[in-house]
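Novice: sequence first, then the predicted structure:
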Amino acid sequence: MAKEKKTALVKSQERLGDNVFSMWIQAGDMAQEAGPGQFISVYSKDGARLLPRPISICQLNRDSGELRIVYRVAGEGTREFSRYQAGDEVEILGPLGNGFPQVSPEKTALLVGGGIGIPPMLELAGSLSCTKLIVLGYRDQVFMAGEFEPYGKVYIATEDGSVGTKGNVLDAVREQGLTADVIMACGPVPMLRGVKSHAHAQGIECYLSLEEKMACGVGACLACVCSTKDVDSHSNVRNARICKDGPVFRAKEVEL
Amino acid sequence: MNTAVTIAGVELKNPVMTASGTFGSGQEYGEFVDLSLLGAVVTKGVSNVPWPGNPTPRIAETYGGMLNAIGLQNPGIDVFVKRDIPYLKQFDTKIIVNVCGKTAEDYIEVVERLGDEPVDLLEINISCPNVKEGGIAFGQNPKAVEAITRDVKGHAKQPVIMKLSPNVTDITEMARAAQEGGADAVSLINTLTGMKIDVNKRTFALANQTGGLSGPAIKPVAVRMVYQTAQAVKVPVIGMGGIMTTEDALEFILAGAAAVSVGTANFHNPYATADIAKGIQEYMAAHKIEDIRELIGAVK
């Protein structure tokens, strides 16, 4: 479908933890067309903040045309979004990027989310019909973990050891002896690097969702590139656009 | 009502163009805007061989603007000619190819390759602040501006627009030098060199340390430079720098720009170019302006 920029209505806003917020948006067609791993651009109403904030889609309700984003307040733009209440207008563009692929029902997928990379894994978990093992990593404060429980067994890692395995997501994977046919992950780059090398060592197919500072969000400005193993057809150099060619890539295609 | 303007003998259906580097070669924004509504599409800079550009982060938002240090990443002239020109040819708009290089020979190679392509105008980038060689090195000294202009003109089949940098003491000197070298038009302004520091990480916001500032924050500087340049040279001036709205575009036209380029605004509003083209018509109707040429340089 055509991407579009439009004014949508906020359905609800909820604080999930320190600086982490959940917003449902009445997005119409955009919610119907979007898939797991895609993102939307959210625009500030302050004309001095020109660039949209790319935020992953956390959940879709195609029947009602609603989509949910869960995001961390990282600056003034996201702080503004966190103040929106039900009935407020929000400017959005989407759906953007290429999301996660489907997995055959007889397979087992290991879904790994770290920090603010956890939200997109929820729609993915809900959309995959295969067996799912879900590993969620947090610094300290756990959010959204309970929402994953209907979709598979959930394993938690916290850096401070307050919940689940003390350490990172890979410590949890090893401690629990988790294995799968495919790994799908979203989170900070050091985590993704670890997941990629774990998948490579185990010979497991792996998909990673990347992020980078973006301007256009649609593939024109070449701000959000990542290094690729081979020359990619669009850039003709070893740079893929995270916003347009990603944000989800096969792990073996990207260099982190 | 006439909205057409002429740049170096090439008639644009209206004065609204895209600013190089913000619009790719049109494919991505073609999903939002009918490119046939625009006077011209100015492509991302293209060089003789593929350029990888700079490390990330390549952009940072600033108050009322943004810094970029993309570093002229582009696929090189071969891919550009095969893929991007045929795409743009589908539309009823003029094609302006922005050309970048590290040496005069690089520019000449690209310009010669484009000689037999269906390209209407060339825009020579001698003002990119984000590459170590070429780019701005050609654009900060009047003798160098004149020399590169003359070199390019000697090999170009299409009319040549020289794109000027604002990072100079007196931009009119560079514009005069370009004119002296045979430029058919000048375009200005490229971005202003800037820097942002991330106080939490205590490092530069851009991997390149410095970047080019664009967006509405630079508009008054750009309008002033377009006004001064339009007074100083006889060749047409193409104005750009922070145009977000119809009113912004009109400021440049009234200051002396024969056409305008919309850049950073595309990131904020993917429909910005078409909105502005339509807005100019509405302004002309409301103010009973029969011919847009009545507005060009009308404020003296």
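Specialist: Good, I have the coordinates.

Novice: where does chain A have low pLDDT?
Specialist: Within chain A, the ranges that satisfy pLDDT under 70 run A:1.

Novice: one more: chain B?
Specialist: In chain B, residues with pLDDT under 70: B:132-134.

Novice: what pairs with A:Ala8 across the strands?
Specialist: Residues in a beta bridge with A:Ala8, per DSSP bridges, are A:Val90.

Novice: quick check: phi and psi on residue 195?
Specialist: With no chain named, the answer covers chain A. The phi/psi pair for A:Val195 (degrees, to the nearest 10) reads phi -60, psi -40.

Novice: please go with chain B instead
Specialist: Dihedral angles of B:Met195 (phi, psi; degrees, to the nearest 10) stand at phi -150, psi 150.

Novice: ok, it touching B:Gly211?
Specialist: Yes: counting by Cβ atoms under 8 Å, B:Met195 touches B:Gly211, with 7.4 Å between them. C-beta here means a position set from N, CA and C on the backbone, and glycine is covered the same way.

Novice: shared neighbours, these two?
Specialist: By Cβ atoms under 8 Å, 6 or more residues apart in numbering or on different chains, B:Met195 and B:Gly211 have these common neighbours: B:Leu67.

Novice: those two: which is more packed in?
Specialist: Using other Cβ atoms under 10 Å in any protein chain shown, the more surrounded residue of B:Met195 and B:Gly211 is B:Gly211, with 30 against 15.

Novice: just checking, that one is part of a strand?
Specialist: Yes: counting by DSSP: H, G, I helix; E, B strand; the rest coil, B:Gly211 falls inside a strand.

Novice: quick one, what contacts it?
Specialist: Applying Cβ under 8 Å, 6+ apart, we find B:Gly211 in contact with B:58-60, B:67-69, B:129-130, B:191, B:193-196.

Novice: and the residue of chain A nearest chain B?
Specialist: Across chain A, no residue is closer to chain B than A:Asn236, which sits at 3.3 Å (Cβ to the nearest Cβ).

Novice: residue boundaries of the helices in the stretch 101-250 of chain A?
Specialist: Taking DSSP state H, counting those that start in this stretch, the helices of the stretch 101-250 of chain A run over residues A:119-127, A:145-148, A:169-176, A:189-202.

Novice: most neighbours per residue, which of the ones you listed?
Specialist: Burial of the helices of the stretch 101-250 of chain A is given as mean neighbour count (mean count of other Cβ atoms under 10 Å in any protein chain shown); helix A:119-127 ranks first at a mean of 24.

Novice: what's next to that helix, contact-wise?
Specialist: By Cβ under 8 Å, 6+ apart, the surrounding residues in contact with helix A:119-127 are A:35-37, A:39, A:56-60, A:69-71, A:99-100, A:102, A:111-113, A:132, A:134, A:136, A:144, A:147-148, A:151-152, A:184, A:186, A:209.

Novice: apply 7 Å and report the result again.
Specialist: Contacts with helix A:119-127, where a contact means Cβ atoms under 7 Å, 6 or more residues apart in numbering or on different chains, come from A:36-37, A:56-60, A:70, A:100, A:111, A:113, A:132, A:134, A:144, A:147-148, A:151-152, A:184, A:186, A:209.

Novice: distance between that helix and the chain's centre?
Specialist: From the chain centre to the centre of helix A:119-127 is a distance of 8 Å (Cα atoms, centre = their mean, to the nearest Å).

Novice: first-to-last residue distance for stretch A:59-76?
Specialist: With Cα to Cα, to the nearest Å as the measure, stretch A:59-76 spans 24 Å from end to end.

Novice: no, scratch that, I was asking about stretch A:39-59
Specialist: End-to-end distance (Cα to Cα), stretch A:39-59: 11 Å.

Novice: equivalent analysis for stretch A:30-43, please.
Specialist: End-to-end distance of stretch A:30-43: 16 Å, with Cα to Cα as the criterion.

Novice: repeat for stretch B:54-65
Specialist: One end of stretch B:54-65 sits 20 Å from the other (Cα to Cα).

Novice: would you mark the buried spots in it?
Specialist: Going by neighbour count (16 or more other Cβ atoms under 10 Å in any protein chain shown), the buried part of stretch B:54-65 is B:Asn54, B:Thr56, B:Pro57, B:Arg58, B:Ile59, B:Ala60, B:Glu61, B:Thr62, B:Gly64, B:Gly65.

Novice: before we move on, what about stretch B:121-137?
Specialist: Neighbour-count burial for stretch B:121-137, counted by 16+ other Cβ under 10 Å, picks out B:121-131, B:134-137.

Novice: and the stretch 201-300 of chain B, which of its residues are near chain A?
Specialist: With Cβ under 7 Å from any Cβ of the partner chain as the criterion, the stretch 201-300 of chain B meets chain A at residues B:Gly215, B:Thr264, B:Asn266, B:Phe267, B:His268, B:Pro270.

Novice: by neighbour count, which of these wins?
Specialist: B:Thr264 (30 neighbours).

Novice: quick one, what contacts it?
Specialist: Neighbouring residues of B:Thr264 by Cβ under 7 Å, 6+ apart: A:Leu50, B:Thr22, B:Met66, B:Ser214, B:Gly215, B:Gly242.
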